[in-house]
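Student: here is a sequence with its predicted model. Questions after.
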Amino acid sequence: MNSLEELKRKLTLSAETTEYDISNGINGIFEEIAKFLIESCAIQKENSIYAFADIEFYFYNKNHKDIITHPRDCEAMQWYVNDFGGIDLTFKSSIKPDTDNTVKSKPQLKDNTYFGGILIRGLKNLTKPEKLVGPWACAELFRLHDACGGCDFPTLIMKETGQSIPEPEARYHLVRKDNEQEIEKKVRYILSTYENGNDENLVKEMIKSFTEFKDKKYRYILKNII
């Protein structure tokens, strides 16, 4: 990967993308993107440049039912404020309510829905001694901006950081207690945001999927930095 345009293409998955397909499997795409972001990209805000030091991947489609992912409807490579106040770099995503009344209607999980993003958990300032540790700390970069139109909004740029991609590990603290009761409670809470979330067959399916995906190695953290 050699450009932001190519990164955007990699962030454009679909409802049909599979987990293990050799040519464009989701696992391989996550690793490609992580390598590019950590080694060759950064976030610029005014005179400061921040390298990616801790990122986590989340993506849902019918072939990769990672229900932990926050639903969204957006284009690839946008900044997205997730449900817990952190910032994601988005995958192309499509999930909408069945009705036009989008304010009151909940989205539905269907075979043609797909959505996801890359949670920014840690950043290292390359211009001065500063580390941003945790999603909320990273999100501070995106909170205050010039109301008169100044160009101070965080921008993704190409930048050789001198860093190397680490070995992936499991994502951070997806469930408080690793037992069946806590997992079911978490899944039912997540599904409450969907129109068809009370379908017991769907609940059972997503409990199984949550159990499968909770330990997936989708986090890339530079522990010597964060």
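Tutor: Perfect, thanks for sending it.
Student: how about the residue of the chain positioned farthest from its centre, secondary structure?
Tutor: Relative to the centre of the chain, the most outlying C-alpha is that of Cys148, 30.4 Å out, by CA atoms, centre = their mean. Look at Cys148: counting by DSSP: H, G, I helix; E, B strand; the rest coil, its state is coil.
Student: what helix or strand does the residue lying closest to Ile225 once chain neighbours are set aside sit in?
Tutor: Once flanking residues are discounted, Ile225 sits nearest to Ala53: 4.5 Å by CB to CB, 6 or more residues apart in numbering. Any C-beta I mention is one placed from the backbone N, CA and C, and that applies to glycine too. Using DSSP states H and E, Ala53 sits in strand 48-61.
Student: which strands and helices sit next to that strand?
Tutor: Under the contact criterion of 3 or more CB pairs under 8 Å, 6 or more residues apart in numbering; DSSP states H and E, strand 48-61 touches helix 26-40, strand 41-45, strand 115-125, strand 131-133, strand 219-221.
Student: for that strand, buried residues please.
Tutor: 48-61 (16 or more other CB atoms under 10 Å).
Student: stretch 197-204 now?
Tutor: Those would be Gly197, Leu202, for stretch 197-204 by 16+ other CB under 10 Å.
Student: likewise stretch 74-88?
Tutor: Cys74, Ala76, Met77, Gln78, Trp79, Tyr80, Asn82, Gly86, Ile87, Asp88.
Student: now, the most widely separated pair of those?
Tutor: Ala76 and Gly86 (18.5 Å; CB to CB).
Student: now do the same contact list for Ala42.
Tutor: Residues in contact with Ala42 (CB atoms under 8 Å, 6 or more residues apart in numbering) are Ile49, Tyr50, Ala51, Phe52, Leu126, Leu156, Ile157, Lys159, Thr161.
Student: likewise Gly117?
Tutor: Tyr58, Phe59, Thr69, His70, Arg72, Tyr80, Asn82, Asp88, Leu89, Thr90, Phe91, Ser93.
Student: tell me where the model's unsure across this protein.
Tutor: The model of the chain has pLDDT under 70 over residues 20-24, 98-104, 149-151.
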